[in-house]
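In: just need the structure, nothing else, for what follows:
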Amino acid sequence: MSLFRELLACLLIICGGLAISCKRSGGSIGILSPLDETAEAAVIVADANKDLTKIKVLYDQNEGKREELKAAMEKNDVVEAKKLADEVLYLINDGTAFGKSAVEKIQKAQEMQINDDYREYLRLKEEALKRQLEAFENYRQAARILRDSYDPKDTVMREKVKEEFKTRSENYRKIMEDARDYSNRANELAKEALKRQRTQ
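Out: This is a model prediction of the structure:
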């Protein structure tokens, strides 16, 4: 799965969340209470989703970068590998900035007077997003070491860079699996809340 497709698979927040945002969950603040801010929180989360949509645009514009990078390394094309690694670094930096902005907005929504189901949904989505950002930091570091230190003529350095790249790529994969788990838990919560809402 490509770099940005991994991120998109885990990041989209709104679909199930807006439905549970309108559900009263039995907490002390109900949807009809003048203190309830669930609808306002949903607007903030919708704004967070705009940040995530910008990541989708980055993905659409740069879908093949990972495969191009792998091909350049296989050919020992140091110029192309470093150029692509540099491009990947910029993409990850831009995507990370959008991701951090989305996290801040989700945190702001959680601080509001919202129903319990929606609060838990947002907490799980925030945890998923934080882990994705951690995963992408690992991938950013892998691309950085490739860009700065890859030299197919220097056997020792080449092996060191390959090992570092492999380790960080594996860390990326493991952390993304953890992020997907949090995201899946949030989606299950949304389904359960919808089911309860329909039977009431």
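
In: quick one: what helix or strand has the closest residue in space to residue 126 that isn't next to it in sequence in it?
Out: Residue nearest to residue 126 in three dimensions, not counting chain neighbours: residue 106, with 4.8 Å by CB to CB, 6 or more residues apart in numbering. No exception for glycine: its C-beta is placed from N, CA and C like everyone else's. Using DSSP states H and E, residue 106 sits in helix 78-110.

In: if we can go back for a sec, doesn't residue 122 make contact with the residue nearest to residue 126?
Out: Yes: under the criterion of CB atoms under 8 Å, residue 106 makes contact with residue 122 at 5.4 Å.

In: compare these two and say which is more crowded by neighbours.
Out: Comparing residue 106 with residue 122 by other CB atoms under 10 Å, the one with more neighbours is residue 122, at 28 against 24.

In: for the more buried one, give me phi and psi.
Out: Dihedral pair for residue 122: phi -70, psi -40, per degrees, to the nearest 10.

In: same thing with residue 152?
Out: Dihedral angles (degrees, to the nearest 10) for residue 152: phi -60, psi -20.

In: oh, and call the first residue 33 from now on, that's how I've got it
Out: Let's use 33 as the start, then, which means that last one is residue 184.

In: what's the burial count for it?
Out: Burial of residue 184 is recorded as 14 neighbouring residues (other CB under 10 Å).

In: which residues in the chain form helices?
Out: Assigned by DSSP state H, the helices in the chain fall at 35-43, 46-53, 70-93, 97-106, 110-142, 148-181, 187-231.

In: pLDDT at the residue of the chain most remote from its centre, what is it?
Out: Within the chain, residue 185 marks the point farthest from the mean C-alpha position, 36.3 Å out by CA atoms, centre = their mean. At residue 185, the model reports a pLDDT of 83.

In: again, but for the one 4 residues further on
Out: Confidence at residue 189, expressed as pLDDT, is 85.

In: which residues touch it?
Out: For residue 189, the contacting residues are 181-183, by CB atoms under 8 Å, 6 or more residues apart in numbering.

In: highest neighbour count among these?
Out: Neighbour counts for the contacts of residue 189 were taken using other CB under 10 Å; the highest belongs to residue 182, with 21 neighbours.

In: quick one, phi psi at it?
Out: phi -70, psi 120.

In: tally of neighbours for the nearest residue to it once chain neighbours are set aside?
Out: Among residues not flanking residue 182 along the chain, residue 193 sits closest, at 5.1 Å (CB to CB, 6+ apart). Neighbours of residue 193 under the rule other CB under 10 Å: 22.

In: just to revisit the earlier point, common neighbours of residue 138 and residue 154, please.
Out: With contacts defined as CB under 8 Å, 6+ apart, the residues shared by residue 138 and residue 154 are residue 77.

In: shaky segments in this structure?
Out: 33-66 (pLDDT under 70).

In: what helices and strands are in contact with the helix holding residue 138?
Out: Applying 3 or more CB pairs under 8 Å, 6 or more residues apart in numbering; DSSP states H and E, one finds that helix 110-142 makes contact with helix 35-43, helix 70-93, helix 97-106, helix 148-181.
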